[in-house]
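# generate coordinates for the sequence data below:
(one chain, ligands or ions: 2)
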Amino acid sequence: MNNECIFCKIIRGEIPCYKIYEDEKCLAFLDISADCLGHTLVVSKTHTNNFVETGSDILNTLFCTTQKIAKHYITNCGFDGVQIVINNGESSGQSVMHTHFHILPSVKKENKKFENYKKDDLQAVCNLLRLN
Ligand code: AMP
Ligand code: ZN
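Ligands and ions are numbered 1, 2, ... in the order given. This next block holds a predicted model:
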């Protein structure tokens with residue numbers, strides 16, 4: 001845990017989040033930027049600064065949890081695909097120095113399932129996508 005880290009504060013419950021999934025090792029929540037519908041961040045409850053500094057045990061857990069959520073989004077929620085993004089280091093756009101995977105759900109043009117959802121209505125999006 002890192003006292004100043006915003007994601008550690010979310011993990012400790014000191015800052016609220018729109019929680020999608022939680023287990024003893026990982027937490028997933030909606031990205032506050034709401035730049036695309038369902039933009040989700042997956043973090044380990046153990047603080048590491050970035051992808052390349054993270055050990056294989058934590059990485060495996062993060063990958064498997066990210067896959068679980070991606071499958072849920074496609075199989076149960078109605079998305080057609082997902083993009084998985086990892087920024088490593090400030091020069092790549094990493095702004096929060098707590099390792100995290102982005103899940104960016106995607107839909108085909110003809111998929112109208114989400115047309116009544118606003119991407120910035122994070123509570124409604126969370127209610128739709130929450131896994132546990
Ligand atoms: P990155 O640029 O890869 O480090 O991604 C960090 C992400 O964290 C950005 O997309 C931010 O919008 C997001 N973010 C920052 N603060 C919060 C917060 N309190 N709750 C949810 N997402 C956040
Ligand atoms: Zn942290």
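
# contacts for whichever helix or strand residue 125 is part of next, please.
Element membership of residue 125, judged by DSSP states H and E, is helix 122-129. Helix 122-129 is touched from outside by 18-20, 30, 32, 34, 37-38, 40, 72-73, 77, 117-119, with contacts defined as CB atoms under 8 Å, 6 or more residues apart in numbering. For the C-beta atoms, the positions are set from N, CA and C on the backbone; glycine is no exception.

# if we use 10 Å, what do you get?
Under the criterion CB atoms under 10 Å, 6 or more residues apart in numbering, residues 17-21, 28-32, 34, 37-40, 69, 72-73, 76-79, 103, 105, 113-114, 116-119, 121 lie in contact with helix 122-129.

# so which bits of that helix are buried?
122, 125, 126, 128, 129 (16 or more other CB atoms under 10 Å).

# stretch 72-80 now?
For stretch 72-80, burial by neighbour count (16+ other CB under 10 Å) applies to 72, 73, 77, 79.

# quick check: chain neighbours aside, which residue is closest to residue 114?
In space, and not counting its chain neighbours, residue 114 is closest to residue 37: 5.6 Å by CB to CB, 6 or more residues apart in numbering.
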